[in-house]
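Engineer: Predicted structure and sequence below. I'll ask about it afterward.
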Amino acid sequence: MTVVMLSGTGTEIGKTVTTAAMAAAALAAGRSVAVLKPAQTGIAVGEAGDAAEVARLGGPVTTAELVRYPEPLAPATAARRAGMATVTPLEIAEAAQKLAAEHDLVLVEGAGGLLVRFDEAGNTLAEAARLLGAPVVLVASAGLGTLNTAELSAEALRAREVELRGLVVGSWPRQPGLAERCNLVDLPEVAGAPLLGALPEGAGSLRPVDFRVAATSWLAPELHGTWQADAFTAREAPAA
């Protein structure tokens, strides 16, 4: 599991915080970690982006960006409007391989949802994952609508012959409703992949020292954590 791609079922669902938790758990297990953000949008030169936030929360990781666009849009759109070059799957794959040569684990965080376009040819993070033979961890929301977007994302990965390693709920609410609780059972079924974690609501607001201590309890052993999907689902899901 040298390179792992992280994508989401949409925007603002906890992808960066999940990346930070995965980094923190791997660091706690004694792994060296690098984080690659191929395209950062909506951040000015000199401002801290997603990779910097992962390092702030997760701990001492190597960070890298390939390109930064000023407007908060899909990378292909942001590049066109800024008159800048796009980033290709091959460039992403080559950058990840270079980092993998010097680190135990490379986390590649995408932009928004899985099929957000990186270039004018319509390439996405999934194409870079296919080039690398790297699995994808899909960060999903907890509430209504997540089953549809999770299943669509899983189908898109299968069509591209990319492995979906599993799903992580990016923000599990303090007081989950019926939809959230039922989705714990339904998400792995519709996606055809296991649940690999659930981050508590507000995890990104914790002090970094507290975040790093707690991160392993949010993620499954496959992601260097101690979280158990069966126990969590038994506790949180409604009775049949």
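Structural biologist: That came through fine.

Engineer: pLDDT wise, what is residue 48 at?
Structural biologist: pLDDT recorded at residue 48 is 87.

Engineer: got the contact list for the nearest residue to it once chain neighbours are set aside?
Structural biologist: Of all residues beyond its chain neighbours, the one nearest residue 48 is residue 56 (7.6 Å), with distances taken as CB to CB, 6 or more residues apart in numbering. Where you see a C-beta, it was placed from the backbone N, CA and C, and this is true even at glycine. Residues near residue 56 by CB atoms under 8 Å, 6 or more residues apart in numbering: 20, 48, 208.

Engineer: Check which helix or strand residue 56 maps to.
Structural biologist: helix 50-58 (DSSP states H and E).

Engineer: Repeat that for residue 144.
Structural biologist: Counting by DSSP H and E, residue 144 is part of no helix or strand.

Engineer: Is it correct that it is in contact with residue 176?
Structural biologist: No: Residue 144 lies out of contact with residue 176 (CB atoms under 8 Å); the separation is 11.9 Å.

Engineer: Comparing the two, which shows the higher neighbour count?
Structural biologist: residue 176 (19 against 12; other CB atoms under 10 Å).

Engineer: Settle this for me: the more buried one is touching residue 236, isn't it.
Structural biologist: Yes: taking contacts as CB under 8 Å, residue 176 lies within contact range of residue 236: 6.4 Å.

Engineer: How many neighbouring residues does the nearest residue to residue 21 once chain neighbours are set aside have?
Structural biologist: Spatial nearest neighbour of residue 21, chain neighbours left out: residue 215 (4.2 Å); criterion: CB to CB, 6+ apart. Applying other CB under 10 Å, we find 31 residues neighbouring residue 215.

Engineer: same thing with residue 30?
Structural biologist: So residue 30, with other CB under 10 Å, has 8 neighbours.

Engineer: quick one: low-confidence parts of the chain?
Structural biologist: Counting by pLDDT under 70, the chain shows low-confidence ranges at 1, 240.

Engineer: mind listing the helices for it?
Structural biologist: For the chain, applying DSSP state H gives helices covering 15-28, 50-58, 75-82, 89-100, 125-132, 146-159, 178-191, 208-215, 229-236.

Engineer: among those helices, which is the most enclosed?
Structural biologist: Comparing the helices of the chain by mean neighbour count (mean count of other CB atoms under 10 Å), helix 15-28 ranks first with a mean of 27.

Engineer: Report the angle between that helix and helix 208-215.
Structural biologist: 80 degrees (axes from the mean of the first three to the mean of the last three CA atoms, to 10 degrees).

Engineer: just the angle between helix 15-28 and helix 50-58, please?
Structural biologist: Using the same axes, to 10 degrees: helix 15-28 against helix 50-58 is 50 degrees.

Engineer: Who are the packing partners of helix 15-28?
Structural biologist: strand 3-8, strand 33-41, helix 50-58, strand 105-113, strand 136-140, strand 164-172, strand 195-200, helix 208-215 (3 or more CB pairs under 8 Å, 6 or more residues apart in numbering; DSSP states H and E).

Engineer: what does that helix contact?
Structural biologist: By CB under 8 Å, 6+ apart, helix 15-28 touches 4, 6-8, 33, 35, 50, 53-61, 104-105, 107, 109-110, 137, 139, 168, 170-171, 197, 199, 203-204, 211-212, 215-216, 218-219, 223-225.
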